[in-house]
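K.L.:
here are the coordinates; sequence isn't available:
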């Protein structure tokens, strides 16, 4: 276990240093992912010559764990850092501080090749069903991408697995030879989910998976996410701006604002009895029918 | 008094695959000071309806039927006559406040533009008026902001500027096309509250277009639900939402997770099978036939008749009784 | 001061320095030293040595570079071997032809291109648009020096409205000098103008599809008013970029066109220097032309900052 | 989108594409035929038949050295195509590689490569050729290399711009999440998605190369006698225009038709390959 806090490296002999350092997360075998005190800062380009460039604290100290088979939702408004957090968890961004441990391994401290190999166990679904599929590739290749990148499987075995996951998300075998533009938004999102599913990952990070879809299609994808969890026991980290969506999918939810979790807990509890002012404002702002 | 009377409005678009009727036989009336919501998914024709009223359809589109503003058919107006209507008698707010403002002009100049055009006010008068408008839409420090460029404002402030612009000539009708879709929920609430209050204070009529049922429910007196270019259900908002009667409106309502559902009660969402139809090949009869649970052969040849099920509450469905029964038993 | 301009200024200076290094090295790393290039292969060794001495080629490379840089900064430049005069003097008289020619051609192409481009865009896909685009397609395809020949054939040989070449000099009055510049300017401007017209058209069309143009129309502005008040200024931003980039080609074009019209400009100076193997003159004039191009592109950047408020500091 | 006709159908239905493709086809065909057959030997002078008027024997007449103009024009096509192919290959190979590299690396590498290519813009092909020629001596190869080098920054900028747009797409993030490295993403995702942009640029640069070579040869800095070259033909017949203006017309028409064909082909390709791009232009 590594902790990027510089003081932690001083060794066990100096007990005061260890005491000062933030406690390292205790890894339970049932814990799929443990995010510990993650910070991510960006520097914006200077606006004026004589002024220091602005430092953006996109994620500013976030800690949470997700148990096996659980679903954790992060909800917040645009610019609150939720998408950056998702990419940090996926190891697609370097951290300014903190650690992300996947099944006890700090993914940001792993050598490139080991991280690559580990990636089969955590996959991602993106927001834009039009932008997240390469328009020049056929469905079969898109869906097979994670195993193509990580495994040395034979062609026919690969094809069999592609067909298997496509069926699991409700698509047909004949869809393998089509290009993404031949599908509607909802079907494309199914393809994206199939791609994330093909390595049988323990964790799927879904960043706004339904916000680009038409309302009537949204429901199909949300149901599919539920079914897949029932069937394969996938663990979810769901990022969304839509409180109702998070409430529908997740057991546990965190409300994020300006890079930090302002409130976190079991979904029902948070929605029924919000404590933080920001959560209350957010809940009050949702236009409801019959309210 | 009837302010706007839309009768048998049909919008046709020329596409690569032939002409597509994006809005078909739409009729509705709007009284002075009344608010109307149009709700539906992408491609249902709600935005094209707004653009047809404004005479701003894309180059490949045209409108048939009549759109009467205070008794005069706008569809017969010349381009010059329409210029007198736009921004003067009808104001419009668009979806994307970022791209809907000219990045090279100050917001003050952009707000003043319509007044200088329609009211012929001079620069100084326009400035006073712009300051008043900025204050009215809740922008802090108007004297400072009047010289700002759009990129210096936040998304919510930009939308406030758009509203100030649309209201600058005191129009009789405001059309707001998805005014909050690009904004966060907290900002959305502020903007919608602002619009609703201003409409009330100024005694204007409004058409609010949205895909969000909650937004429509909370902000307008009457509602039209559109699907595939046609009106499927309409009536007083509370009435319609209390007794959703068209299979599509029911499906739409049930497909959206609600924040006050509990997870146990809604383990699965009801889904509408299939996808939103392509405008170029809409079926001849009811546009919802391919996705409807109640569909019979009678639905296919002609558009279904409009049935009035309560005062002002109309549904275009042959099987409205079956649908209502099923809904009540839910 | 805006960061944008500061960055651009640094780039401008860096590019100028880069240009000096490149032109300097071009003579250094190529086979044979300048002295033997100037004198040719058959020259006796003693003459080559003497010239080497005169050019100071025995001194270390850095020293010579900085000496040359100093010459440039003080605007003296090198000394021509064939003419035995400082390059600056050679250039000064010729600049009075090349510079006005380039500017005239630029103005001509810009005026015609903006007019035609905006006209075509406002008649999108109608006969006017198709005609203008067809003509501009032809204009792009014609080599400028050939067009120059054709212009001479028509206006000098057949119609006898203009002389077929040469330059009377500015001291004989502005009009005769101007008259001599017209045909070469047209030859230069045609290709540039055709490219620019197509570009202007697409920039205007693209801008017309912007949301804020629809907003302007929703305010009640007529098509024409929208075009003038909202479209043109926004469309100018990409057009100006292209104009800046085209300037390099325009300058290169003057070299060829001056040759056709037998005008004693910079182009002729370079070509003569090449045939005289006067590498010092070639090097210095090439540097001047490059510096000119770099300068024009810097001016374009400054223009950006003037047009686009997004590039100004954000504190209002 | 399902009902869209196949790409070949769309090509054949596109007027500029058909016109441009035919003209370019004629250019290539002429060059190929001239390799094995021309009506007369394009190099052989025949001082007894100088400046003969067009006839069945000499379709376009003869020049001041008695050479058959039609034959020289045919053989000149070889020169133009060689120049285009070689210089575009140079420019594309280096330019695309640099652009992809800059786009994949970002940061300082990108800044450096892009500044360098900005800087190259200050030296148009002709200036560069002049410098090369001044030091290395006149010759077709120097001219071609100079034109090739000049088109490196054009391709580098274009590639980098298009590639950056692709890198910003979500499917790249998906590929990274799937475990692909930068090199693999560049080859498997970025390059295939920018090919259409590159193909269009190739036709444009090909046309520009023909124009630039003609200009250099016209100045005597390009193809050297006796290689048949349209640009040099114009140079050689320049003094004849008062006697026989037509001599100055034919080679120019040949250049203009070739360039026009390539430009039309490029325009057509742009519309056909990528409808989104067509809307933008």
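P.N.:
Arrived safely, thanks for sending. Values in this document were obtained by computation on a predicted structure and should not be read as measured data. Residues are numbered from 1 along each chain as shown, chains lettered A, B, ... in the order given.
K.L.:
what does the residue in chain A positioned nearest to chain B show for phi and psi?
P.N.:
Nearest to chain B in chain A, going by CB to the nearest CB, is residue A:287, at a distance of 3.2 Å. Glycine gets a C-beta too; all of them are placed from N, C-alpha and C. The phi/psi pair for residue A:287 (degrees, to the nearest 10) reads phi -70, psi 120.
K.L.:
my read is that it contacts residue B:196, right?
P.N.:
No. Counting by CB atoms under 8 Å, residue A:287 sits too far from residue B:196 to count as a contact (11.6 Å).
K.L.:
the more surrounded of the two?
P.N.:
Just comparing residue A:287 and residue B:196: by other CB atoms under 10 Å in any protein chain shown the higher neighbour count belongs to residue A:287, 20 against 16.
K.L.:
contacting residues for the more buried one?
P.N.:
The contact partners of residue A:287, by CB atoms under 8 Å, 6 or more residues apart in numbering or on different chains, come to B:188, B:189, B:192, B:212, B:214, B:215, B:217, B:218, B:219.
K.L.:
ok, now with 6 Å
P.N.:
Counting by CB atoms under 6 Å, 6 or more residues apart in numbering or on different chains, residue A:287 touches B:214, B:215, B:218.
K.L.:
export these to JSON lines and tack on pLDDT and distance to chain C?
P.N.:
Shown next, in JSON lines, are those (pLDDT from 0 to 100; distance: CB to the nearest CB, whole Å):
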{"residue": "B:214", "pLDDT": "92", "distance to chain C": "25"}
{"residue": "B:215", "pLDDT": "94", "distance to chain C": "21"}
{"residue": "B:218", "pLDDT": "94", "distance to chain C": "25"}
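K.L.:
list only buried entries from the residues you listed.
P.N.:
B:214, B:215, B:218 (16 or more other CB atoms under 10 Å in any protein chain shown).
K.L.:
pick the one among the residues you listed closest to residue D:89.
P.N.:
residue B:215 (58.0 Å; CB to CB).
K.L.:
sec struct for that closest one, please.
P.N.:
Recorded secondary structure, residue B:215: helix (DSSP: H, G, I helix; E, B strand; the rest coil).
K.L.:
list the contacts of it.
P.N.:
residue A:287.
K.L.:
and what of residue A:202?
P.N.:
By CB under 6 Å, 6+ apart, the residues touching residue A:202 are A:32, A:121, A:235.
K.L.:
near the last one, how many other residues are there?
P.N.:
For residue A:235, the tally of surrounding residues (other CB under 10 Å) stands at 22.
K.L.:
what's opposite it in the beta bridge?
P.N.:
residue A:203 (DSSP bridges).
K.L.:
that one against residue A:203, yeah?
P.N.:
Yes. At 4.8 Å, residue A:235 and residue A:203 qualify as touching, with contact defined as CB atoms under 6 Å.
K.L.:
now do the shared contacts for these two.
P.N.:
residue A:32.
K.L.:
so what does the helix or strand containing residue C:284 touch, helix or strand wise?
P.N.:
Remark: residue C:284 resides in helix C:279-307, with elements defined by DSSP states H and E. Counting contacts by 3 or more CB pairs under 6 Å, 6 or more residues apart in numbering or on different chains; DSSP states H and E, helix C:279-307 packs against helix C:3-29, helix C:232-260, helix C:266-275, helix D:125-136.
K.L.:
for the ones you listed, which one sits closest to chain B?
P.N.:
Per CB to the nearest CB, nearest to chain B of the helices and strands packed on helix C:279-307: helix C:232-260, 5.4 Å.
K.L.:
check which residues of that closest one are buried.
P.N.:
Neighbour-count burial for helix C:232-260 [16+ other CB under 10 Å]: C:232-237, C:239-260.
K.L.:
do the same with stretch B:290-309
P.N.:
When burial is assessed from 16+ other CB under 10 Å, stretch B:290-309 yields the following buried residues: B:290, B:291, B:292, B:294, B:295, B:299, B:304, B:309.
K.L.:
what residues does that stretch touch?
P.N.:
Contacts of stretch B:290-309 (CB under 6 Å, 6+ apart): B:245, B:247, B:272-274, B:285-286, B:289, B:314-320, B:322-323.
K.L.:
can you give me phi and psi for residue B:177?
P.N.:
Residue torsions, per degrees, to the nearest 10, at residue B:177 are phi -100, psi 100.
K.L.:
for it, give the beta-bridge partners.
P.N.:
residue B:209.
K.L.:
can you tell me how far it is from residue B:219?
P.N.:
Look at residue B:177 and residue B:219: by CB to CB, to the nearest Å, they are 14 Å apart.
K.L.:
can you pull out the helices in the stretch 51-200 of chain A?
P.N.:
Using DSSP state H, counting those that start in this stretch, the helices of the stretch 51-200 of chain A run over A:82-89, A:112-118, A:139-150, A:155-168, A:185-197.
K.L.:
pull the distance from the second one to the chain's centre.
P.N.:
Average the C-alpha atoms of helix A:112-118, do the same for its chain, and the two points are 18 Å apart (CA atoms, centre = their mean, to the nearest Å).
K.L.:
swap in the first one?
P.N.:
If you compare the mean C-alpha spot of helix A:82-89 with that of the full chain, they lie 7 Å apart, counting by CA atoms, centre = their mean.
K.L.:
and the longest one, by the same measure?
P.N.:
Shown here is helix A:155-168, whose average C-alpha point lies 24 Å from the average C-alpha point of the whole chain (CA atoms, centre = their mean).
K.L.:
what helices or strands is it leaning on?
P.N.:
Against helix A:155-168 (3+ CB pairs under 6 Å, 6+ apart) you get helix A:139-150, helix A:185-197.
K.L.:
tell me the mean pLDDT for the last one?
P.N.:
With pLDDT averaged residue by residue, helix A:185-197 scores 92.
K.L.:
ok, it near chain D or not?
P.N.:
No. Helix A:185-197 does not reach chain D (CB under 6 Å from any CB of the partner chain); its nearest approach is 7.0 Å.
K.L.:
same check on the shortest one?
P.N.:
Yes. Applying CB under 6 Å from any CB, one finds helix A:139-150 touching chain D at A:145, A:146, A:149, A:150.
K.L.:
what's the neighbour count on the last one?
P.N.:
Under the neighbour criterion other CB under 10 Å, residue A:150 is assigned a count of 17.
K.L.:
part of a helix, is residue A:41?
P.N.:
No. Under three-state DSSP, residue A:41 falls outside any helix and is assigned strand.
K.L.:
picking up where we left off before, as TSV, the residues of helix A:139-150 next to chain D with pLDDT would be great.
P.N.:
Output for these, formatted as TSV (pLDDT from 0 to 100):
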residue	pLDDT
A:145	92
A:146	92
A:149	84
A:150	80
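K.L.:
what helix or strand does the spatially most central residue of chain A sit in?
P.N.:
Closest residue to the average C-alpha location of chain A: residue A:205 at 2.7 Å, with CA atoms, centre = their mean. When elements are assigned from DSSP H and E, residue A:205 belongs to strand A:203-207.
K.L.:
is the next helix or strand after that strand up against chain B anywhere?
P.N.:
Next helix or strand after strand A:203-207 toward the C-terminus (DSSP H and E): helix A:215-232. Yes. Interface with chain B: helix A:215-232 contributes A:215, A:216, A:219, A:220, A:222, A:223 (CB under 6 Å from any CB).
K.L.:
pLDDT averaged over helix A:215-232 - what is it?
P.N.:
Averaged across helix A:215-232, the pLDDT comes to 88.
K.L.:
fine, thanks again, bye for now.
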